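K.L.:
Predicted model and sequence follow; I will ask about them next.
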Amino acid sequence: MITADQGIRYQQNRAAHRLALIVLSTNKEAAILSHLSAIEDALAAATAGALVFVDLG
């Protein structure tokens, strides 16, 4: 799951789920489009239950 919700790690009990959570530092379209490779790298490296932050500057 990919989100820009910075507080989601406190709102959800991730221990009960096996999906990876990728949190983007912003939801601005221009930042996302210019950092697609960083997002793709996070997706490739994420494992079940992982919490990964991607700083889009």
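P.N.:
Thanks, I have the structure now.
K.L.:
Report the central residue of this protein.
P.N.:
Most central in the chain under Cα atoms, centre = their mean is Ile22, positioned 1.6 Å from the mean C-alpha point.
K.L.:
I'd like to know which elements the helix or strand hosting it is packed against.
P.N.:
Under the criterion DSSP states H and E, the helix or strand holding Ile22 is strand 21-24. Here strand 21-24 touches strand 2-3, helix 8-11, helix 36-45, strand 51-54, going by 3 or more Cβ pairs under 8 Å, 6 or more residues apart in numbering; DSSP states H and E. Any C-beta I mention is one placed from the backbone N, CA and C, and that applies to glycine too.
K.L.:
What residues sit buried inside the last one?
P.N.:
It refers to strand 51-54. Of the residues in strand 51-54, those buried under the neighbour-count criterion (16 or more other Cβ atoms under 10 Å) are 52, 54.
K.L.:
CA atoms only: put the strand holding Ile22 into CSV for me.
P.N.:
Provided in CSV are the C-alpha atoms of strand 21-24 (Å, rounded to 0.1, in the frame of the first residue of the first chain):
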residue,chain,number,x,y,z
LEU,A,21,3.2,0.1,3.8
ILE,A,22,5.1,2.8,1.8
VAL,A,23,4.7,6.3,3.1
LEU,A,24,5.5,9.2,0.8
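K.L.:
Contacts for it, please.
P.N.:
With contact meaning Cβ atoms under 8 Å, 6 or more residues apart in numbering, strand 21-24 is reached by 1-6, 8-9, 12, 14, 32, 39, 42-43, 46, 50-54, 56.
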